[in-house]
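Undergrad: Next comes the sequence, and after it the predicted model I'd like to discuss.
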Amino acid sequence: MTKALKPDAARVLIIGGGVTGTGVARDLALRGIPSLLVEKRDLAAGASGGNHGLLHSGARYVGSDPEAARECMEESALLKRLAPHCIEDTKGLFVAVPGDDEHYIAEFPDLCAKVGLPAKELDPKTAMAMEPHLARDVIAAYEVRDGTIDPFMLCLDNISHACSLGAQMLRNTKVTALNVEGGAIRTVSLHNEKTGDELVIEPELVINASGAWAGIVADMAGAPLSVVHSQGTLVITQDRLSARVVNRLRMASDADILVPGGSVSILGTTSVRIDDPDDCRPTVEEVDRMLDDAIAMVPILETTRYIRAYAGVRPLVADTNGDANGDGDSNGGDRSVSRGYTLKDHASQGVANFITITGGKLTTFRYMAEKAGDLACRKLKVDVPCRTRTEPLPPSDAGRWTDPRLGARTWVDRAEEGDVILCECEMVSGRVVDSMMQEMAQDSKLSALSALNIRSRVGKGPCQGCFCGPRVTAHLYDEGWLEADRGLDELKEFVGRRWRGKAPILWGVPLQQAELQEALLCGMLELERKP
Ligand SMILES: Cc1cc2nc3c(=O)[nH]c(=O)nc-3n(C[C@H](O)[C@H](O)[C@H](O)COP(=O)(O)OP(=O)(O)OC[C@H]3O[C@@H](n4cnc5c(N)ncnc54)[C@H](O)[C@@H]3O)c2cc1C
């Protein structure tokens, strides 16, 4: 059934629930402009949930793109002040090993100085003492102000703050058509991916914040944007291998960043061209190539246990129309296409009320949202300045459980009688699951298991859903959150997604675990028989 909606309350439609879209929703809400954000899957389901979580100091870009380096330096300092609960201020090292480009190593301090970026030279022995897993033949080392940032918490806190100020959000809702008439988008067709419901809305302005899908969405309005899709694969180790972010001291390349996150480390990344951003999955070839390269910097990567690989897609915008901000990496291939952000006013293509904001980095999302918000205000003739530069991001109930320390701390401090641990790797209890389900309110029953995985640590530990998947599903049935076959359908979907990440790292213990999981899910639940 198609319902017509006149969203008097929502003047702006934002497409995409990643860090950019949720950042734009918050920016507009703080300016008093009501918006509706629609996301075809769930928050952080795109690149925002598929990156390293590195809060760039900017040092990675000093050689290839000083402008991007400066943006990262300024924005990371700002975020450390305004959203400290999402950040671990780990600091970072840049280290070189024999064979790395000596010219670049010699130039690095001057390149940092030109941008105004602090980089402290360390004696290699000091660096090796600070990070015992570093190679023993480090030849140069610098300390920089890198940190880590929780992208899930960031998206959840952004949208929670925006909604508390009047914004609205629909997840599992895909934009299927942008209907242009007389030089502007008049109506937008929405499709609920779970219920099949159709909706038509009439926003005054549409902001395309759909990341790697930006070209596909722009095409719907007949306003083409030439986007190249570059997949990056990352792998997660079972243990945290370093206290700090460890970067290879060379021009940005594959496998040169090891980022700690809670109790694990994340190694990345690659850059592989793909045609369809929906067809993004880590491959054995990428994982093997990365490990071969990275062990020169951190030798334990050869023998450590990996719990999962995953991938995200970067939108590399070739048709920048003069709007994109430069080149993030420049050692050839896809790394030489723009990794700066693109802010495009499609009025130049005959669609007056349509803006695209894409590309850039997690680290610079606030700045990108500010620029999109400024342009939106000009179009809507609203004269209110951006407030995200000074207004702290409030922590939200929706985002709190993504913190890897909170589950265990809550259990130890405040375990209630009758409560049980459902996810043993990450110590997530039944009460915590119930509180998240209540938080998701009206659409909590849609993709509950995947939604819990985004909003908490469920399924993110070493078992990767092997034990906690069936246990959480059973709990959701017991508590009435799920009924009929929905739980088994969801479990199958959830396990399928986790499997994509396990398939490329199947050797040693993970291989044994995969066999056990198959026995549990197929032997006990006959999941393989479900369509
Ligand atoms: C491998 C990799 C590693 C990275 N590492 C870092 C890092 O360490 N630090 C850093 O600062 N940056 C990093 N980045 C960059 C960072 O992840 C991105 O800049 C950022 O996440 C982009 O967010 P976004 O909201 O623009 O896009 P996305 O997060 O991709 O969000 C777009 C959303 O739009 C939705 N959507 C698409 N089409 C539609 C439609 N028709 N209707 C409704 N919704 C739709 C999608 O489902 C998606 O959720 C990395 C990127 C990659 C790929």
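TA: Cool, got the structure.
Undergrad: quick one: contacts for V217?
TA: I15, V175, L178, N208, S210, T356 (Cβ atoms under 8 Å, 6 or more residues apart in numbering). Where C-beta positions appear, they are placed from N, C-alpha and C, glycine not excepted.
Undergrad: filter those residues by proximity to the ligand?
TA: Restricting these to those within reach of the ligand (Cβ under 6 Å from any ligand atom) leaves I15, V175, S210.
Undergrad: how about L516, what does it touch?
TA: Listed by Cβ under 8 Å, 6+ apart, the contact partners of L516 are C466.
Undergrad: related to what we said a few turns ago, among the contacts of V217, who's most crowded?
TA: The most neighbours of any of the contacts of V217, using other Cβ atoms under 10 Å, belong to N208, which has 31 neighbours.
Undergrad: so it bridges to which residues?
TA: I15, T356 (DSSP bridges).
Undergrad: List the buried residues of stretch 344-361.
TA: Across stretch 344-361, burial judged by 16 or more other Cβ atoms under 10 Å covers 344-347, 349, 351-361.
Undergrad: for the record, mean pLDDT for that stretch?
TA: In this model, stretch 344-361 has a mean pLDDT of 97.
Undergrad: Can you give me the end-to-end span of that stretch?
TA: End-to-end distance of stretch 344-361 (Cα to Cα, to the nearest Å): 17 Å.
Undergrad: Check stretch 44-60 too.
TA: 24 Å.
Undergrad: does any part of that stretch sit near the ligand?
TA: Yes - applying Cβ under 6 Å from any ligand atom, one finds stretch 44-60 touching the ligand at A45, G46, A47, S48, G50, N51, H52, G53, L54, H56.
Undergrad: Point out where the stretch 351-500 of the chain drops to low pLDDT.
TA: 441-445 (pLDDT under 70).
Undergrad: which bits of it sit near the ligand?
TA: Contacts of the stretch 351-500 of the chain with the ligand, taken as Cβ under 6 Å from any ligand atom, map to T358, G360, K361, L362, T363.
Undergrad: Which ones among these lie within strands?
TA: If you go by DSSP state E, these have T358 in strands.
Undergrad: okay if I get the residues of the stretch 351-500 of the chain next to the ligand as CSV plus distance to G21?
TA: Formatted as CSV, those follow (distance: Cβ to Cβ, whole Å):
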residue, distance to G21
T358, 10
G360, 13
K361, 15
L362, 13
T363, 17
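Undergrad: from the residues of the stretch 351-500 of the chain next to the ligand, which ones fall inside helices?
TA: Taking DSSP state H, every one of these sits outside helices.
Undergrad: Closest one of the residues of the stretch 351-500 of the chain next to the ligand to S396?
TA: Among those, L362 lies closest to S396 (Cβ to Cβ), at 18.2 Å.
Undergrad: Quick check: the closest one touching I149?
TA: Yes - the pair L362 / I149 is scored as a contact, 6.5 Å apart, by Cβ atoms under 8 Å.
Undergrad: Touching both of these two, which residues are there?
TA: G53, L54, L55.
Undergrad: Check the buried residues of stretch 344-361 and tell me the two furthest apart.
TA: A352 and K361 (29.2 Å).
Undergrad: What is the neighbour count of T195?
TA: 11.
Undergrad: is it true that it lies in a strand?
TA: No - going by DSSP: H, G, I helix; E, B strand; the rest coil, the assignment for T195 is coil, not a strand.
Undergrad: Report the contact partners of the residue lying closest to A47 once chain neighbours are set aside.
TA: Spatially, and ignoring its direct neighbours in sequence, A47 is nearest to G312 (4.1 Å; Cβ to Cβ, 6 or more residues apart in numbering). By Cβ under 8 Å, 6+ apart, the residues touching G312 are G46, A47, G49, G50, N51, Q231, G232, L234, C280.
Undergrad: Does G312 lie in a helix or a strand, and which?
TA: strand 306-317 (DSSP states H and E).
Undergrad: That strand - which strands sit beside it in the sheet, and in what orientation?
TA: With DSSP bridges as the test, strand 306-317 pairs up with strand 227-237 (antiparallel).
Undergrad: The partner strand vs the ligand: in contact?
TA: Yes - for strand 227-237, a contact with the ligand is found by Cβ under 6 Å from any ligand atom, at G232, L234.
Undergrad: what is the rounded mean pLDDT of that strand?
TA: For strand 227-237, mean pLDDT is 96.
Undergrad: and what of stretch 269-287?
TA: For stretch 269-287, the per-residue pLDDT averages 96.
Undergrad: So that stretch, near the ligand or not?
TA: Yes - using Cβ under 6 Å from any ligand atom, stretch 269-287 reaches the ligand at T269.
Undergrad: Could you list the buried residues of that stretch?
TA: Result for stretch 269-287 [16+ other Cβ under 10 Å]: buried residues T269, T270, S271, V272, I274, P277, C280, R281, P282, T283, E286, V287.
Undergrad: any chance you could map the helices in this structure?
TA: For the chain, the helices defined by DSSP H occupy 19-30, 66-82, 102-115, 124-130, 151-164, 214-220, 284-294, 365-380, 406-414, 430-439, 448-455, 468-478, 486-502, 509-518.
Undergrad: And the contacts of the fifth one?
TA: Contacts of helix 151-164 from elsewhere in the structure, counted by Cβ under 8 Å, 6+ apart, are 17-19, 22-23, 25-26, 28-29, 35, 37, 43-44, 48-49, 51, 53, 83, 85-86, 167, 169, 362, 365, 393-400, 402-403, 454-455.
Undergrad: how big is the angle separating that helix from helix 66-82?
TA: Inter-element angle recorded for helix 151-164 and helix 66-82: 70 degrees (by axes from the mean of the first three to the mean of the last three Cα atoms, to 10 degrees).
Undergrad: for the last one, same thing?
TA: Here the directions of helix 509-518 and helix 66-82 differ by 60 degrees (the same axes, to 10 degrees).
Undergrad: ok, now how distant is G350 from the ligand?
TA: Distance from G350 to the ligand, counting by Cβ to the nearest ligand atom, to the nearest Å: 21 Å.
Undergrad: Next one: the spatially closest residue to that residue that is not a sequence neighbour relative to the ligand, how far apart?
TA: The shortest distance from G350 to any non-neighbouring residue, by Cβ to Cβ, 6+ apart, is to G183 (5.6 Å). According to Cβ to the nearest ligand atom, G183 stands 22 Å off from the ligand.
Undergrad: The residue nearest to A47 bridge partners, please.
TA: Beta-bridge partners recorded for G312 (DSSP bridges): G232.
Undergrad: Roughly how far does it sit from I207?
TA: 21 Å (Cβ to Cβ, to the nearest Å).
Undergrad: picking up where we left off before, any quick ChimeraX command for the buried ones out of the contacts of G312?
TA: The ChimeraX selection below is limited to those of those classed as buried (16+ other Cβ under 10 Å):
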select :46,47,49,50,51,231,232,234,280
